Each structure stands twice: as structure tokens, then as C-alpha cells.
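Visitor: What follows is a predicted protein model with its sequence.
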Amino acid sequence: MQRAPRVVVADGLDSEGLRRLEVEADVAVYAGLDEPPLVVALADADAVIVRSRSQLTAHVLTSAPRLRVAARAGVGTDNIDVDAATRRGILVLNTPESSTTSAAEHTMAMLLALARRIPRAHASVARGEWTREAFVGTELQAKTLGVVGLGKIGAEVARRAQAFGMHVRAHDPYVSQDWADRLGIDLMAFDEVLGSSDIVTLHVPLTARTRHLLGAAQIRRMKPGALLVNCARGGLVDEAALLDALNDGHIGGAALDVFEQEPPASPALVQHPRVVVTPHLGASTEEAQRSVAVDVAEQVLAALRGHPVRGAVNAPALVDEAWQRLEPFLTLARYLGALGQQLADGQVEAVELLYAGEVAGEEPAPLTASFLIGLFTGIADQPVNMINAPALARGRGLAVGETRRAASLDFQSLLAATVRTSHGPLHLAGTLFGRREPRITQIGEYRLDLIPAEQMLFVWNSDRPGMIGRVGTLLGAHSVNIANMHVGRITPGGVALMVLTLDSGIPEAALRDLARTDGVTGLKTVRLE
């Protein structure tokens, strides 16, 4: 008799999900495991399901010889070493869509509670008071809602807001205008959304680039008296700056479900009379918890049967030999996508990818997916991976094309990308040095030999003597250390591109001084993760 697959549920699961698993599998349930007992529990496991507590490290995965599936009952996979799983042929799953409705509904609940001052009115009545005049609220009808991040949750919030008669505008450079038009949403630049919206709601992930997305300067760009809703991620808002803006009346109120530190560290913010708070409840509904449990159970069972699953995070079909051959190209493709995200201006409408030379003989799908990972990471409202990246592009109305060419005029292998936006095309290209080290060879019309780095500063400047020294001296005055410098130009005396790789991030004061420097015509900071 064939052995039933063994599934370890490391962090507990809703009973409905457990019932689904028990129909086909031998299920062991734990309430959270540290590494040593987790290694023991997985010794004969075919699949493991975790939430956020148990850590599936490389050591844990290597110690589980039978393991075929590792699943996260939720969105993030930060507690799973996806690369280690991929190298061992372990399929990694998650359930990114199970809490979309709950998160969107909680956002609307928080918005309504804030606009109608419900929590404080309730507290007043509970104290035996009846002071209606103290709790005059604001209607949503005909107000303008600014949605920052138009992924699945942001789009669902927009639909619900429209049902309340609100005008919706959004900022998301990676949503096509056609798709936004179908939703009846006006796409705008970030500052335009902030300056023209009565209410701003955030629906973006927290990354190094989005931390303090709403800092002091951005909060001051919001309309006087505007409301802010953040049910996305703690850290998107500078809480000290928000408190200052609440105290001086620039911000009319805030509804916060998430905080930089949880539980929140600032009683002055959470106790402010114009603030509504909840303890990270966006996905905390019975339906969402049941949906997550059922979704992850069904996907795990399908994967154990060898069937395709929609929540796959990695690409286990890449065996060690193929992975080693493709890995440097995948890294290069991801870097090109990240450069496209951070250097392109306007709404992205289409992406065209070219694989030339030896790399053209490889299967293009993983390379294209890796480029899209770089393009979408940090702006999508869910983790972006090899499996879901093409679907994210389709869902945002972005056309993605691929061309393969047997030879490259200049390199053994060449990866090139054209990111077409409402402001025109941005051309990018790269190759490998010594078959392992990525090099960026083209940015726009500029030819370079750029070694990509985590922190980079792009400076467009007049091609004249002294510019390099001027920029270097200014950065030195701000204690910014330059690791390398790369310069490209199209014609002598025209506009040159200076790319500086830095040992650390660059302070805002340094950027302001550079922007005022004679001869500097443009600046952009880029971070590669």
C-alpha cells in the first residue's frame, strides 16, 4: 500500500485547511517550532506549511531529505530560503490573494471610521455623554481619493471608493493607462496625487526605497486638512513627521493599521484625537484566515500530486547544471529590470527584450521573468517571483515581447531591454564579464562599462572640464565615499552621464546641493537589491 504523504504544519492552521489536508495526507500540527525541533519534525516530511514564525533556513531544508513542497500560509516568503529550496528542487508556494478582500474592506472601514469620527463618538456615548456637535464628520461623496499603489488591494479599494461616489486618482508607474481607464481611474505623478487628494491611502510594499515614502516633505505636499490611511506596511510613513503635521493641523486625520514598530512606540500618535488605530487587522477576518488555510492546503496537495499550482514562488525545474549556467544571466536581467524601474520616466506601457549571442540558445522565460522581478519589486503589493512576474505584467496591462538573435556584434552574449513609457523609450543593455560578472553596457543612448552596485548615483551634466572634480568634491563635503565612477557621452561638449557607485546612501542635503550645481542637468539615485 502506497504511503500517504506526510505534511508538517509548523505554525498552526485554520481547521478547515487541516480537514482538507487530512483527506490525503498524514498531518502533524505544531504551534511554532525553533530550528532544532523543526529539523526533527521534517526528517520524513514530504511537505511543510509555515506562517511567519518558523524559519525554513538552508540548514533546515538540507536536513529534510524527502521534502518536496514548502508553503507559506500568507503572502511573504521572507522566512523561507527560496534559493536554497530551488537548488534542492523544493517547490515553494504562497497564498498572495487570499486576504485581498479583507485588506480592502478594512481600508474602507478605517476610512469611514476616520471621516465620521466613529471611535471617539463611541467612547463618548459609552461614558454616558451625548455631545453630537463634537463629532461632526465628513462625507466621502464627491471627495477625491488618492491611491498610491494600484495592485490587487489598491484596485479593490478604488472600486469600493467609486461605489461611494468618490473620484479616484492613483500613482503607479507600472500600470498601463488603458487598464486604469477601464477602472475609471486617473493616473498621476506621486506629487500630483498628494497635492490634489482629499484622502490618500497607501498600498505599496515596504522596501528600502519605499521606507518613509511619506516623509516630512511629502506630507507637507498633501492638501491642508487631508486625511491619510495606511493599512499596508508600517514604515511607509514617517510617524514623527505625521505627528507634527497632525499637531499643527496640516493633516486633518490619520487611520493607521500598521506601524514602524509593533506594538507602536509613540503613545502621542496613537492617542491623538484625530487618529484612528487598529492592531494590524488587515487580514484578520474569519473568511481570510479560512481562505488562506484552504488555499494553502489545496495547493500543497496539488503539488504533491504533481499538478501545476498557481501560488508557486520559485522554479524548481532548474536543476543544478541549468541553474549554474543561467544564474549570472538571471542576475543581470534582474539588474536591468531594476534600472528600468528607477530610471524610466512616465507610465510604463510595454517592455521589449532581446537575447543575442550564446544566451539566445537558452530558454527565455526565466530571463524575462527575472527582468520583470527587477521591474516590479518594490512597487507590487505582493512578493514578485519567477512564477508570478509575467502574470503581474499581464494584470497591469503591460505588453512584454521577446526576440532572440543568434549573434551579437559586440559581445559573446547580450541582454537588451527597451522600456516604453508615456515619455518615450529607455534602452538598456548588459553582458557578462568572464561569463560570471554582470556589466551594464548601455543606458539610454550612453555606452558604458558599468559594474552594478547596491548604491548608485546617476548624474547628467554638461560635458566640460571640471565637472567630475566638482561633483566629487561636493560629495566628499557630505562624507559620501565614491567606490567607482563611470562616464559616458554621446558627443563632445554635449550632455554626459556620470554614474557613481557609492559605499552608502546619499543624504538629501547632498542631492539638493548637486541639483543646484552649475552644469548638472539631472540626478537619479538607484538602489539594486
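Guide: It's in.
Visitor: Need the single longest helix in the protein, by residues.
Guide: helix 320-343 (DSSP state H).
Visitor: Go through that one and flag the buried ones.
Guide: Neighbour-count burial for helix 320-343, counted by 16 or more other C-beta atoms under 10 Å, picks out 323, 326, 328-342. Where you see a C-beta, it was placed from the backbone N, CA and C, and this is true even at glycine.
Visitor: got it, and stretch 211-223?
Guide: Neighbour-count burial for stretch 211-223 [16+ other C-beta under 10 Å]: 212, 213, 214, 218, 219, 222, 223.
Visitor: could you redo the residues you listed as a markdown table and give each row secondary structure?
Guide: Below are the buried residues of stretch 211-223 laid out as a markdown table (DSSP: H, G, I helix; E, B strand; the rest coil):
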| residue | secondary structure |
| --- | --- |
| 212 | coil |
| 213 | coil |
| 214 | strand |
| 218 | helix |
| 219 | helix |
| 222 | coil |
| 223 | coil |
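Visitor: and those as TSV, adding pLDDT and distance to residue 127?
Guide: What follows is these, written out as TSV (pLDDT from 0 to 100; distance: C-beta to C-beta, whole Å):
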residue	pLDDT	distance to residue 127
212	95	37
213	95	38
214	96	34
218	97	37
219	97	32
222	97	33
223	96	33
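Visitor: Name the nearest of the residues you listed relative to residue 72.
Guide: Set against residue 72, the nearest of those by C-beta to C-beta is residue 213 (25.2 Å).
Visitor: Roughly how far does the closest one sit from residue 256?
Guide: Distance of residue 213 to residue 256, given as C-beta to C-beta, to the nearest Å: 14 Å.
Visitor: burial of residue 45, as a residue count?
Guide: Neighbourhood size, residue 45 [other C-beta atoms under 10 Å]: 22.
Visitor: check which helix or strand covers it.
Guide: Counting by DSSP states H and E, no helix or strand carries residue 45.
Visitor: residues contacting it?
Guide: 6, 7, 8, 28, 64, 66, 67 (C-beta atoms under 8 Å, 6 or more residues apart in numbering).
Visitor: The first one is in contact with residue 21, isn't it?
Guide: Yep, that's residue 6 we're talking about. No. Using C-beta atoms under 8 Å, residue 6 is not in contact with residue 21; the gap is 10.5 Å.
Visitor: which residues are in contact with both of those two?
Guide: Among the neighbours of residue 6, those also in contact with residue 21 (C-beta under 8 Å, 6+ apart) are residue 27.
Visitor: Of those two, which one has the most company?
Guide: Per other C-beta under 10 Å, whichever of residue 6 and residue 21 has more neighbours is residue 21, with 25 against 20.
Visitor: Surely that one touches residue 9?
Guide: Yes. With contacts defined as C-beta under 8 Å, residue 21 counts as touching residue 9 at a distance of 7.4 Å.
Visitor: what residues are shared contacts of those two?
Guide: Shared contacts of residue 21 and residue 9 (C-beta under 8 Å, 6+ apart): residue 27.
Visitor: on that earlier part again, what is the nearest of the buried residues of stretch 211-223 to residue 361?
Guide: For the buried residues of stretch 211-223, the nearest to residue 361 is residue 213 (41.8 Å; C-beta to C-beta).
Visitor: which residues in the stretch 101-250 of the chain form helices?
Guide: 118-126, 152-163, 177-183, 190-196, 216-221, 239-247 (DSSP state H, counting those that start in this stretch).
Visitor: What ranges in the chain fall below the confidence cut-off?
Guide: Along the chain, segments meeting pLDDT under 70 span 1, 308, 315-324, 382-383.
Visitor: Closest to the centroid, which residue in it?
Guide: Nearest residue to the geometric centre of the chain (C-alpha atoms, centre = their mean): residue 378, 2.7 Å.
Visitor: ok, now which ones touch that residue?
Guide: 204, 205, 207, 209, 210, 341, 529.
Visitor: Name the SS class of it, please.
Guide: coil.
Visitor: May I have the phi/psi pair for it?
Guide: phi 100, psi -10 (degrees, to the nearest 10).
Visitor: Number of residues surrounding residue 167?
Guide: Residues near residue 167, counting by other C-beta under 10 Å, number 17.
Visitor: What strand or helix carries residue 295?
Guide: In this structure, residue 295 is located in helix 286-304 according to DSSP H and E.
Visitor: In that helix, which residues are buried?
Guide: For helix 286-304, a neighbour-count test (16+ other C-beta under 10 Å) marks 288-289, 291-304 as buried.
Visitor: For it, give me every contacting residue.
Guide: For helix 286-304, contacts defined as C-beta under 8 Å, 6+ apart pick out 5, 7, 13-18, 20-21, 24-25, 46-47, 49, 68-69, 71-74, 91, 93, 95, 97-99, 101-102, 283, 308-312.
Visitor: from those, which ones fall inside strands?
Guide: Those of the contacts of helix 286-304 mapping onto strands are 7, 47, 49, 69, 71, 72, 91, 93, per DSSP state E.
Visitor: and of those, the nearest to residue 461?
Guide: Looking across these and measuring by C-beta to C-beta, the closest to residue 461 is residue 72, at 46.2 Å.
Visitor: Residue 252: which element?
Guide: strand 251-256.
Visitor: Now residue 156: closest residue in space that isn't a chain neighbour?
Guide: residue 104 (3.7 Å; C-beta to C-beta, 6 or more residues apart in numbering).
Visitor: quick one: that neighbour and residue 517, what's the gap?
Guide: Separation of residue 104 from residue 517 (C-beta to C-beta): 45 Å.
Visitor: more crowded one of the two?
Guide: More neighbours surround residue 104 than the other of residue 104 and residue 517, with 23 against 15 (other C-beta under 10 Å).
Visitor: Now do the contacts for that one.
Guide: Going by C-beta under 8 Å, 6+ apart, residue 104 touches 153, 156, 157, 160.
Visitor: these two touch, right, residue 509 and residue 478?
Guide: Yes. At 6.4 Å, residue 509 counts as touching residue 478 under the criterion of C-beta under 8 Å.
Visitor: For the two, work out which one has more neighbours and name it.
Guide: residue 478 (14 against 10).
Visitor: In three-state terms, label the residue lying closest to that one once chain neighbours are set aside for me.
Guide: In space, residue 478 comes closest to residue 510 once its chain neighbours are excluded; the distance is 3.9 Å by C-beta to C-beta, 6+ apart. Look at residue 510: counting by three-state DSSP, its state is helix.
Visitor: Distance of the residue nearest to residue 13 when sequence neighbours are not counted relative to residue 283?
Guide: Among residues not flanking residue 13 along the chain, residue 293 sits closest, at 4.8 Å (C-beta to C-beta, 6+ apart). Separation of residue 293 from residue 283 (C-beta to C-beta) stands at 12 Å.
Visitor: Could you pull out the buried residues of whichever helix or strand residue 400 is part of?
Guide: Assigned by DSSP H and E, residue 400 belongs to strand 399-405. Buried residues in strand 399-405, defined by neighbour count with 16+ other C-beta under 10 Å: residue 400.
Visitor: Nice, that's everything, thank you.
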